[in-house]
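Engineer: I would like the atomic coordinates for the input below:
(chains A and B)
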Number of protein chains: 2
Amino acid sequence: MSKSFHPPVRTLMGPGPSDVNPRVTAAMGAPTIGHLDPAFVGLMDDIKSLLQYAFQTSNKLTIPVSAPGSAGMETCFYNLLERGEKAIVCQNGVFGGRMKENVERCGAEPVMVQDDWGKPVDLNKVEDALKANPDAKLLAFVHAETSTGARSDAKELTALAHKYDCLSLVDSVTGLAGVELDVDGWGIDAIYSGTQKCLSCPPGISPVSFGDRAVEVISSRKTKVQSWFLDMNLVMGYWGEGSRAYHHTAPVNSMYGLHEALVILEEEGLENSWARHARNHEAFAAGIEAMGLSFVVAKEYRLPQLNSVTIPEGIEEAKVRAALLKDYNLEIGAGLGALAGKVWRIGLMGESSCKTNVLVCLGALDAILTDMGASINSGKAVAAAQAYYAK
Amino acid sequence: MSKSFHPPVRTLMGPGPSDVNPRVTAAMGAPTIGHLDPAFVGLMDDIKSLLQYAFQTSNKLTIPVSAPGSAGMETCFYNLLERGEKAIVCQNGVFGGRMKENVERCGAEPVMVQDDWGKPVDLNKVEDALKANPDAKLLAFVHAETSTGARSDAKELTALAHKYDCLSLVDSVTGLAGVELDVDGWGIDAIYSGTQKCLSCPPGISPVSFGDRAVEVISSRKTKVQSWFLDMNLVMGYWGEGSRAYHHTAPVNSMYGLHEALVILEEEGLENSWARHARNHEAFAAGIEAMGLSFVVAKEYRLPQLNSVTIPEGIEEAKVRAALLKDYNLEIGAGLGALAGKVWRIGLMGESSCKTNVLVCLGALDAILTDMGASINSGKAVAAAQAYYAK
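Structural biologist: Residues are numbered from 1 along each chain as shown, chains lettered A, B, ... in the order given. Below you'll find the model as predicted:
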């Protein structure tokens, strides 16, 4: 006979999920109500407003897709592209590659703009691609690359897309609430995010937002969207204004959690959240550098919430992660794709972006690496971070 | 400033979600861990085993899709069909129509077998369609039609599919754990379900299972699956045996809930769960008939967990539902599609299939309809159900 599951209590400093505020898990544990209950319809409206705040947009089509970030990505591509069309896709990490897969699975043609992993997307290369492909329908790029920790200039990339009459399609799964993001100010046409990064919610939901131009494209498609579940023409009837048409059954309790996480974000204030992420990153970076380790991403393009840190020579990275988990209940992430085995990805996202986590992680890394005989400056990291906080 | 949301406490007797055991919501409120945490990988294995039990299968590819039932449906169709292929789709309610949409969005051709809403799928018509379409790849049908409450003969339909060398693709969103279902015994090739019906879990996850023939079809496709997120060739690497490849981020806390719901099912025993659903339906039906109301579906094809009850003449059905919600915190469902405005759909699913709910619902309906001056036999329903239980 099977037994109930009782998860260990971890500190989550990987690339997501991040630590979840107990208010959010408590909200998820509230009694389930029907997905067409008037009380739930009211909650849907509140979630839409709060997501508009988080994205800084007045886009009416701003909703949480009832599935993880990968489905949010598909929602954007599958609604905006039709067979035979062309999209310019920027790749500087894993998620640009997944975008390429999405374009191909639409029966559309991806034109790739490649940059080194850890570098931001190069504006000049993008402009060349836009010039060379006047028939491209959209420009897709990752604002915050979770696989490297690099931030690209979503404002300038969107401006370039518009200059060449393309829509901009933006991945900000890891960006939302962690760094500046201004959907209306920058004119982003379509964007998707995730709940398990800087919103500090359990994974499972993907907030998306579509501007007027994108909605116009979606509602005037020649062919049906290749996913019934993600077809925004149908989902709009469920999440839209006026009477709600049944589409699918929303994940009710997950929506409770997302709502509470967004309430917490509103209480803190978006700018304060960005500032907190920046500050804890600075303290963490002071510690990492005092230890003699370095970052993959140059300072000016670095995401404060996702730190790719190089592994000291001769150290088996998986052993370090196993020791952190075993001795400290602390999770950090492995490198992905081209960076597998070369870096750790250490998240300071949402609730995880706090002084306690910074100090515990630095102290634990310091102790474990010293123990393994790594060539680091032992015993300096925590003091360096403390010194930063004391400034 | 927004406020935290505190849902009303409802009794859920609509077509899903059903009442959720507090053990399940408590499990969902446990601290989040990483989706690649060894403890979570162990949980994934346990969920797979428990789902195999619920489906009565030894299929290795038995997993919970990280999205609601509609995505489970897409997982089956999009993995099994390629452009230009043909599928026979049986429709006797809303969800056969959604299957048709799925086939079309694959770029495949649906051959429809239509039956009246409330009737089971007609085996003779299906055999005619199979004979007339020797190039059909699969036969798709709904085991338990949530829009009507009719049960079709999944065993015989699967046997027919195999006789004509087709795969069988089965919707048992409302069937699983509520009525007999024997995936291996009946030889079903692909099946999807939902969590928010007889498993009594919050909505958001879709258990699926694929047999060896279906897996062979999926792994030898000529073209890529049109959804990256739902591509079983990729998902198998995440949920499969051996080392887990990162695919998407699983909805960790929702999986806690599903696991606990499956543990509860195992504790009760599948056959006991089927018997409980049958017994509470009988008591409920005794009450409904004593009131002078009738069922859409003939007794022998009736799903005990989903009761389509006709509305007395001259009664505005929405007013009755509103009164049930306001005065009793009790949710029942409206009719869907062809049955909209003609029936109520009253769920006795999972935790909602209990004596208390049966008696409360009958008593409340009796009082409200009497109050509205409906021509029913007032004051008989509860006693009739009590008499059934006393037998």
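Engineer: counting contacts, what elements does the lengthiest helix in chain A pack onto?
Structural biologist: When chain A is parsed with DSSP state H, its longest helix is helix A:270-291. Judged by 3 or more C-beta pairs under 8 Å, 6 or more residues apart in numbering or on different chains; DSSP states H and E, the packing partners of helix A:270-291 are strand A:306-310, helix A:355-371, helix A:381-390. Every residue, glycine included, has its C-beta placed from N, CA and C.
Engineer: anything in the second one near chain B?
Structural biologist: Think helix A:355-371. No - Helix A:355-371 lies apart from chain B when judged by C-beta under 8 Å from any C-beta of the partner chain; the minimum separation is 14.3 Å.
Engineer: Isn't residue A:82 up against residue A:109?
Structural biologist: No - assessed by C-beta atoms under 8 Å, residue A:82 is found out of contact with residue A:109, at 11.5 Å.
Engineer: Now whatever residue of the stretch 51-200 of chain A ends up closest to chain B: closest residue in space that isn't a chain neighbour?
Structural biologist: Sorted by distance to chain B under C-beta to the nearest C-beta, the residues of the stretch 51-200 of chain A start with residue A:67, at 3.7 Å. Distance criterion C-beta to C-beta, 6 or more residues apart in numbering or on different chains; nearest residue to residue A:67, sequence neighbours excluded, is residue B:67 at 3.7 Å.
Engineer: for that neighbour, helix, strand, or coil?
Structural biologist: coil (DSSP: H, G, I helix; E, B strand; the rest coil).
Engineer: Could you do residue A:31 as well?
Structural biologist: Criterion first, three-state DSSP; result for residue A:31: coil.
Engineer: hang on, the residue nearest to residue A:67 packs against residue B:208?
Structural biologist: No - assessed by C-beta under 8 Å, residue B:67 is found out of contact with residue B:208, at 10.8 Å.
Engineer: So for the two, which sits in the more crowded spot?
Structural biologist: In this view residue B:67 and residue B:208 are compared by other C-beta atoms under 10 Å in any protein chain shown, and residue B:67 has more residues nearby, 29 against 26.
Engineer: Could I get the contacting residues of that one?
Structural biologist: When contacts are counted by C-beta atoms under 8 Å, 6 or more residues apart in numbering or on different chains, residue B:67 touches A:66-68, A:71, A:229, B:204-206, B:229.
Engineer: quick one: which of those residues is nearest to residue A:285?
Structural biologist: Looking at these and their distance to residue A:285, the nearest is residue A:68, at 29.5 Å (C-beta to C-beta).
Engineer: That closest one is in contact with residue B:248, isn't it?
Structural biologist: Yes - with contact defined as C-beta under 8 Å, residue A:68 reaches residue B:248; the gap is 5.0 Å.
Engineer: For stretch A:146-158, could you pull out the residues that count as buried?
Structural biologist: A:146-155, A:157-158 (16 or more other C-beta atoms under 10 Å in any protein chain shown).
Engineer: Show only the entries of the residues you listed found in helices.
Structural biologist: Secondary structure from DSSP H places A:154-155, A:157-158 of the buried residues of stretch A:146-158 in helices.
Engineer: Would you point out the most distant pair within the residues you listed?
Structural biologist: Across those (C-beta to C-beta), the longest gap, 7.4 Å, separates A:155 and A:157.
Engineer: May I ask which of the contacts of residue B:67 has the most neighbours?
Structural biologist: residue B:204 (34 neighbours).
Engineer: That one: which element?
Structural biologist: Assigned by DSSP states H and E, residue B:204 belongs to neither a helix nor a strand.
Engineer: residue in the stretch 1-150 of chain A nearest to chain B?
Structural biologist: residue A:29 (2.8 Å).
Engineer: What's the local residue count around that residue?
Structural biologist: Neighbours of residue A:29 under the rule other C-beta under 10 Å: 22.
Engineer: Over to residue A:340?
Structural biologist: Residue A:340: 12 neighbours (other C-beta under 10 Å).
Engineer: Look at the closest residue to it other than its chain neighbours and say how many residues are nearby.
Structural biologist: Leaving aside its sequence neighbours, residue A:340 sits nearest to residue A:334 (C-beta to C-beta, 6+ apart; 6.6 Å). Residues lying near residue A:334 (other C-beta under 10 Å) number 18.
Engineer: List the beta-bridge partners for residue A:334.
Structural biologist: Per DSSP bridges, the residues bridged to residue A:334 are residue A:344.
Engineer: Does it touch residue A:344 like I think?
Structural biologist: Yes - in this structure, residue A:334 is within contact of residue A:344 by C-beta under 8 Å, at 6.9 Å.
Engineer: shared neighbours of these two, which are they?
Structural biologist: A:317, A:321.
Engineer: Within range of chain B, give me the residues from the stretch 101-250 of chain A.
Structural biologist: By the rule C-beta under 8 Å from any C-beta, the part of the stretch 101-250 of chain A lying against chain B is A:101-102, A:104-105, A:194, A:196, A:202-205, A:224-229, A:246-250.
Engineer: So which residues make contact with the one helix or strand in chain A whose mean pLDDT sits lowest?
Structural biologist: Using mean pLDDT, DSSP states H and E, the weakest-scoring helix or strand in chain A turns out to be helix A:232-239, at a mean of 87. Under the criterion C-beta under 8 Å, 6+ apart, residues A:44, A:48, A:61, A:63, A:65, A:75, A:79, A:210, A:215, A:218-219, A:221, A:225, A:228, A:244-248, A:250 lie in contact with helix A:232-239.
Engineer: Please narrow these to those residing in helices.
Structural biologist: Using DSSP H, the contacts of helix A:232-239 in helices are A:44, A:48, A:75, A:79, A:215, A:218-219.
Engineer: Among those, which one lies nearest to residue A:275?
Structural biologist: Closest approach between those and residue A:275, by C-beta to C-beta: residue A:48, at 26.0 Å.
Engineer: if I pick the residue nearest to that closest one when sequence neighbours are not counted, what's in contact with it?
Structural biologist: Nearest non-adjacent residue to residue A:48, counting by C-beta to C-beta, 6+ apart: residue A:62, 5.8 Å away. Contact analysis of residue A:62 by C-beta under 8 Å, 6+ apart lists A:48, A:51-52, A:55, A:207-210.
Engineer: same thing with residue A:4?
Structural biologist: Per C-beta under 8 Å, 6+ apart, neighbours of residue A:4: B:23, B:27, B:259-260, B:263.
Engineer: Secondary structure element holding residue A:139?
Structural biologist: Per DSSP H and E: strand A:138-142 holds residue A:139.
Engineer: Starting from that strand, tell me which strands it pairs with and how they run.
Structural biologist: Here, using DSSP bridges, strand A:138-142 pairs with strand A:86-91 (parallel), strand A:167-171 (parallel).
Engineer: Residue A:264: what's it in contact with?
Structural biologist: Taking C-beta under 8 Å, 6+ apart, one finds A:21, A:23-24, A:200 in contact with residue A:264.
Engineer: Among the residues you listed, which ones are in helices?
Structural biologist: Counting by DSSP H, the contacts of residue A:264 place A:23-24 in helices.
Engineer: which pair in the contacts of residue A:264 spans the largest distance?
Structural biologist: A:23 and A:200 (10.0 Å).
Engineer: The two - which one has more neighbours?
Structural biologist: Each of residue A:23 and residue A:200 has its neighbours counted (other C-beta under 10 Å); residue A:200 has more, 26 against 13.
Engineer: The more buried one: what's its closest spatial neighbour, skipping adjacent residues?
Structural biologist: residue A:350 (3.0 Å).
Engineer: got a pLDDT number for the one you found?
Structural biologist: Reading off the confidence values, residue A:350 has pLDDT 98.
Engineer: Okay, it and residue A:292: tell me how far apart.
Structural biologist: Distance, residue A:350 to residue A:292, using C-beta to C-beta, to the nearest Å: 29 Å.
Engineer: Of the two, which one has the most company?
Structural biologist: Counted by other C-beta under 10 Å, residue A:350 and residue A:292 do not tie: residue A:350 has more neighbours, with 32 against 15.
Engineer: So that one sits against residue A:18, correct?
Structural biologist: Yes - between residue A:350 and residue A:18 there is a contact at 4.5 Å, judged by C-beta under 8 Å.
Engineer: Common neighbours of those two, please.
Structural biologist: Joint contacts of residue A:350 and residue A:18 (C-beta under 8 Å, 6+ apart) are A:197-198, A:200.
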